[in-house]
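Trainee: just need the structure, nothing else, for what follows:
(2 chains)
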Number of protein chains: 2
Amino acid sequence: MLKVPDHQVAGHKADGGKLGPLIDESGRFYKPLQGDKRGSNEVAFYTSFTSNTKIPDHITRFFPKFYGTQLIEASDGTGMKPHMVLQDLTSDRVNPSVMDVKMGSRTWAPQSPEDYIDKCFKKDKGSTSVSLGFRLSGLQVFESKESGFWKPTKSEVKSLSTDDVRLFLKKYVSSNASDPKPDCAFASIVYGGSAGILSQLLELKAWFEDQTIYHFYSCSVLMISEKGLATNGKRPRSEIKLVDFAHVFEGNGIIDHNFLGGLCSLIKFISEILTTPEDSVADELLEDGQNSHIYSENGSVRIY
Amino acid sequence: MLKVPDHQVAGHKADGGKLGPLIDESGRFYKPLQGDKRGSNEVAFYTSFTSNTKIPDHITRFFPKFYGTQLIEASDGTGMKPHMVLQDLTSDRVNPSVMDVKMGSRTWAPQSPEDYIDKCFKKDKGSTSVSLGFRLSGLQVFESKESGFWKPTKSEVKSLSTDDVRLFLKKYVSSNASDPKPDCAFASIVYGGSAGILSQLLELKAWFEDQTIYHFYSCSVLMISEKGLATNGKRPRSEIKLVDFAHVFEGNGIIDHNFLGGLCSLIKFISEILTTPEDSVADELLEDGQNSHIYSENGSVRIY
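Mentor: I've put the predicted structure just below:
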């Protein structure tokens, strides 16, 4: 009944007899509690967040639904273990393109133990976290029924430079993701428009400018989208979700300037893909060409 | 002809035969070039910034005017030394209240040498920089002709906690700065309104969300204001200026998320002083009570 998720792009994986998350057929995602404090900390976050009446609805939609914890048979065969029961974010998707962006210039909280800070600090400096305020943790981009997904390896993703990140953010919205010159064919559909990813990131930003309840260290923005599926005049749905809350702490009246700074940086990268003329190609690649005018909100992207 | 500045609240000072900045009577501020790279880096920044046509006028006003470099007799008696000639920001002020806020969760650039990073990292963790995204470097607040300025010592300022920072930002706009319960009498005049400090910080923020020309490490926002001088119906002028550019680097197409995050945090602290009801006292303390209605823009502060 439970199986290994098809579209996981980052984190521990359950395949090959290892411990990792599982999914069922009803749209639930079972994430094993990590043995140390991290597991209980993430459960504590979901419990607090779910019951917090100060979180507006247009923000809760950016988080996976939480259904409590449950003892289930662990994927590594070590018996019944506690798992968080979460919404499976890709259960209603056909060939989803997914990108995991780990947010923040630093992935550690100031109150963390010294040795943990040292370990994170090295990783942050060795990746784009310090320079860009975020780093890519994993991605898959659907190319076609014939070639399937373009999915770089973990070690490729680990060593990305700033220019690579810019390129990969273009690949994510291209029909030729594996090509060194991505066409950005779906940039305006996926990133642009009032329901696109940029618009959602801007909504999240407005909340982060104000909220002082939580600080989200080492948390990811997950982008999920399907491309080129604009049949029956419907725009394909693109969404962002926040995931991975093992290192969330109380904000104590201070905004999460670390997450917010990285979010502003990500927003700038994406808005440049939308506004740079040579990239804004090919609404005509949409199957439903007649509706292409509703996607051409390209030039109207402004960030304030 | 040259003398030690009266209203310097942070940085190296020229008094007691040490090397520090000097001012003249025409409103110029002479800052000695630091011997290592820092001096030449700051001159390079001013030279680049002054000639950069992409900086909008409403942003250049937040920077001191730069009049080149000049050889003058150094304050420590070591002979003629090169100095940057800058605008003296307090020359036209009577009893100015001044606060120096060093911006950024980190004060070092990723490309800095390891030992310099280590040194800064310790200072950043030992102050509020890491937790708040900024730290106070110095301040003076004018109380009255009788008691003069309230000016905490360097070591007091160095050891401030988050709660102290919140308190000191209130003291900055209080008629009783030395009192443990500051009255925030001038909050709406100094911080609030369309010409107040919050509004200027928001303008700066909008620029930082977009500009990718410079990264400002270890740079300060200086707040300058006069309080209670609303004679002849004129609102006293409050302004922010950016200073200290020894660690400015090229942005290379990336926004300065480190400065921006800290700026958003500072904005949140100040907007809370303006919107928390118990703090919004005493426009009536203004000498010109008839005009107090023009200052009561308290409730209308929104950040987006």
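Trainee: so who does whatever residue of the stretch 1-150 of chain A ends up closest to chain B touch?
Mentor: Chain B sits closest to residue A:133 of the stretch 1-150 of chain A, with a gap of 3.9 Å, by CB to the nearest CB. (Each C-beta comes from the backbone N, C-alpha and C, glycine too.) Contacts for residue A:133 were tallied using CB atoms under 8 Å, 6 or more residues apart in numbering or on different chains; they are A:103-105, A:261-266, B:257-258, B:261.
Trainee: which ones among those lie within helices?
Mentor: Using DSSP state H, the members of these that fall in helices are A:261-266, B:257-258, B:261.
Trainee: and which of those residues is nearest residue B:113?
Mentor: The shortest approach to residue B:113 among the ones in helices among the contacts of residue A:133 belongs to residue B:258, at 18.1 Å (CB to CB).
Trainee: find the nearest non-adjacent residue to the closest one, please.
Mentor: Here the nearest residue to residue B:258 in space, its sequence neighbours aside, is residue B:104; by CB to CB, 6 or more residues apart in numbering or on different chains that works out to 4.6 Å.
Trainee: still on that earlier bit, drop anything exposed from the contacts of residue A:133.
Mentor: By neighbour count, with 16 or more other CB atoms under 10 Å in any protein chain shown, the contacts of residue A:133 hold A:103-105, A:261-266, B:257-258, B:261 as buried.
Trainee: using JSON lines, lay out these together with pLDDT and distance to residue B:42.
Mentor: Below are those laid out as JSON lines (pLDDT from 0 to 100; distance: CB to CB, whole Å):
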{"residue": "A:103", "pLDDT": "98", "distance to residue B:42": "32"}
{"residue": "A:104", "pLDDT": "98", "distance to residue B:42": "30"}
{"residue": "A:105", "pLDDT": "98", "distance to residue B:42": "24"}
{"residue": "A:261", "pLDDT": "98", "distance to residue B:42": "24"}
{"residue": "A:262", "pLDDT": "98", "distance to residue B:42": "28"}
{"residue": "A:263", "pLDDT": "98", "distance to residue B:42": "31"}
{"residue": "A:264", "pLDDT": "98", "distance to residue B:42": "26"}
{"residue": "A:265", "pLDDT": "98", "distance to residue B:42": "25"}
{"residue": "A:266", "pLDDT": "98", "distance to residue B:42": "31"}
{"residue": "B:257", "pLDDT": "98", "distance to residue B:42": "22"}
{"residue": "B:258", "pLDDT": "98", "distance to residue B:42": "19"}
{"residue": "B:261", "pLDDT": "98", "distance to residue B:42": "23"}
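Trainee: out of those, who's nearest residue A:6?
Mentor: Taking CB to CB as the measure, residue A:6 sits nearest to residue A:103 out of those, at 24.6 Å.
Trainee: what separation is there between the closest one and residue A:16?
Mentor: Distance, residue A:103 to residue A:16, using CB to CB, to the nearest Å: 29 Å.
Trainee: which parts of the stretch 51-200 of chain A are helices?
Mentor: Along the stretch 51-200 of chain A, the segments classed as helices by DSSP state H, counting those that start in this stretch run A:57-60, A:114-126, A:129-132, A:154-158, A:162-171, A:187-190, A:197-208.
Trainee: the fourth one - contacts with which helices or strands?
Mentor: Spelled out, it's helix A:154-158. Packing partners of helix A:154-158 (3 or more CB pairs under 8 Å, 6 or more residues apart in numbering or on different chains; DSSP states H and E): strand A:134-144.
Trainee: run a quick neighbour tally on residue A:91.
Mentor: 17 (other CB atoms under 10 Å in any protein chain shown).
Trainee: could you find the closest non-adjacent residue to it?
Mentor: In space, and not counting its chain neighbours, residue A:91 is closest to residue A:27: 4.0 Å by CB to CB, 6+ apart.
Trainee: can you list the helices of the stretch 51-200 of chain A in TSV and add mean pLDDT and mean neighbour count?
Mentor: Below are those laid out as TSV (pLDDT from 0 to 100; neighbours: other CB atoms under 10 Å in any protein chain shown):
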stretch	mean pLDDT	mean neighbour count
helix A:57-60	96	12
helix A:114-126	95	14
helix A:129-132	98	23
helix A:154-158	93	13
helix A:162-171	97	18
helix A:187-190	94	28
helix A:197-208	98	19
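Trainee: make TSV from those helices and add distance to residue A:216 to it.
Mentor: TSV is the format used below for the helices of the stretch 51-200 of chain A (distance: least, CB to CB, whole Å):
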stretch	distance to residue A:216
helix A:57-60	12
helix A:114-126	14
helix A:129-132	14
helix A:154-158	21
helix A:162-171	20
helix A:187-190	24
helix A:197-208	9
